[in-house]
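A.B. asks: fold the following for me, if possible:
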Amino acid sequence: MPDRQAEREEIRRLLLGGRSLQMLAPRRIGKTWLMRRVAEDLAADDWITISSDVEGMRSEEEFLRDLCAKIEEQESYGKQVFLHLGQRLKQITSGTWEGGPVQAIGRVDPKAFVEALIASLDAEGRDTVILVDEIALFVSRLLANDAAKASDFLYHLRKLRQSYPRVRWILTGSIGLDVVARRGNLHGALVDLDILPIDPFDEQQARAYLDRLCAANDVRRPFALDDGGFHHLARELGWLAPYYLRLIADRIRPSGAATDAGRPLALVADIDGAFEELLKPYNRGSFSTWEEHIDKNFPPEDAVLLQAILEICCEQPMGETFATLQTRLSKTLRIIPTRDVKNMLTALANDGLLHEADGRWRFRSGLLRRYWMAYLHP
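C.D. replies: Next up is the predicted model:
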């Protein structure tokens, strides 16, 4: 994996400037790897770093237990933070609970507990960053169960960011938090967050990544690429995310002559063969998360609309215009307000499925579009 040094330096600079971030990172973009490197970078600067993945969580209590567990794991500061937290909780509860701070979860109002926790971190005298992955999925579930609780949760996090400036936050996930917040008219809770999109590799980064994989014998059959071969691969793939670059690289069977690097050249036919192999039924597992993602993480009414948009956009490599999309959706489903269609397109763009180019909405990955046509298009 290339080091994403530019992104890491930008994140560090923003955090040092007192900012908290909403990271827009589509699926399979290397987000989890990047968050780990950011945590390592900041820990080297003596920051307190706490990472939590809230995918699958359904309540604030689960979120709080996980945060406490992550703090408790840190021997260098966990005991001191918990000492402060215990003192604060005793003041809130008049000492009516026994045991450590974690035992107070469920007996103390969640907002009061999390504020005591963040205040304890803020009082440590060291800068802290809390990295919360898949928070949009968590908020989406809160919205589905209790919109008032979802609102309280997001607006309380905003209050904490404003009240305890030594504790910064990075909120990220495969669905943009802004899309979920707009669904519940909660976007005001996010206005203080700096937006930081994480993009796929550019061609230079992608080529360096492939070369690094092959030089390290980290693919099944290491190969070399000339300019023509690389540009063909990049054009067919369309979206240069590390996950898909590696999938293709692992299936290339190079048949060209050996190069100066000692590796055989991958010809255009070899690259086409790798794409064809990846689209065979036995490789469907490589795409399974995309199949499940919409039905699993969106309300049923939204999921139907999202699937309908993808069905239209996959029919042609160049995609479809917004006007035609809206017309076709209104004929097959119902009259859909422009705002709702735009929100759904934003969700699909944030998730790495679609992007707008030359006035048309199309699949970001040519490979994923071909998969959608082969297996999911009616």
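
A.B. asks: could you pull out the strands for the stretch 1-150 of the chain?
C.D. replies: 21-24, 48-53, 128-133 (DSSP state E, counting those that start in this stretch).

A.B. asks: repeat that for the stretch 201-350 of the chain.
C.D. replies: Going by DSSP E, counting those that start in this stretch, the stretch 201-350 of the chain shows strands at 320-321.

A.B. asks: roughly how far apart are F153 and L325?
C.D. replies: 33 Å (Cβ to Cβ, to the nearest Å). From N, CA and C alone the C-beta is placed, and that goes for glycine too.

A.B. asks: may I have the beta-bridge partners of T172?
C.D. replies: M23, D133 (DSSP bridges).

A.B. asks: list the contacts of it.
C.D. replies: Contacts for T172 were tallied using Cβ atoms under 8 Å, 6 or more residues apart in numbering; they are L21, Q22, M23, L24, A25, K31, M35, L131, V132, D133, E134, I135.

A.B. asks: low-confidence stretches in the stretch 251-378 of the chain?
C.D. replies: Scanning the stretch 251-378 of the chain for pLDDT under 70 picks out nothing.

A.B. asks: spell out the residue ranges of the helices in it.
C.D. replies: Read by DSSP state H, counting those that start in this stretch, the stretch 251-378 of the chain holds these helices, from start to end of the chain: 268-278, 288-297, 300-313, 322-332, 338-350, 366-375.

A.B. asks: who touches the third one?
C.D. replies: Around helix 300-313, the neighbours that count as contacts under Cβ under 8 Å, 6+ apart are 183, 294-295, 298, 319-320, 324-325, 328-329, 332-333, 336, 340-341, 344-345, 347-348, 353-354, 361-363, 369, 372, 376-378.

A.B. asks: same deal with the last one?
C.D. replies: Identification of contacts with helix 366-375 by Cβ under 8 Å, 6+ apart yields 235-239, 244, 248, 275, 278-279, 284, 287, 290, 310, 313-315, 317, 353, 362-363.

A.B. asks: ok, 6 Å please
C.D. replies: E236, L237, G238, L279, F287, C314, F363 (Cβ atoms under 6 Å, 6 or more residues apart in numbering).

A.B. asks: by how many degrees do it and helix 300-313 diverge?
C.D. replies: In terms of direction (axes from the mean of the first three to the mean of the last three Cα atoms, to 10 degrees), helix 366-375 departs from helix 300-313 by 100 degrees.

A.B. asks: R88: which of the strands of the stretch 1-150 of the chain is closest?
C.D. replies: R88 lies closest, by Cβ to Cβ, to one member of the strands of the stretch 1-150 of the chain: strand 128-133, at 15.9 Å.

A.B. asks: what distance do you get for I248 to R183?
C.D. replies: I248 is 35 Å from R183, by Cβ to Cβ.

A.B. asks: on that earlier part again, adding distance to L196 and mean neighbour count, write the helices of the stretch 251-378 of the chain out as TSV.
C.D. replies: As requested, the helices of the stretch 251-378 of the chain are exported to TSV (distance: least, Cβ to Cβ, whole Å; neighbours: other Cβ atoms under 10 Å):
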stretch	distance to L196	mean neighbour count
helix 268-278	31	17
helix 288-297	22	15
helix 300-313	24	17
helix 322-332	26	14
helix 338-350	13	18
helix 366-375	24	19
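
A.B. asks: got CSV for these, with distance to P197 too?
C.D. replies: Putting these into CSV (distance: least, Cβ to Cβ, whole Å) gives the following:
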stretch, distance to P197
helix 268-278, 27
helix 288-297, 19
helix 300-313, 20
helix 322-332, 21
helix 338-350, 9
helix 366-375, 19
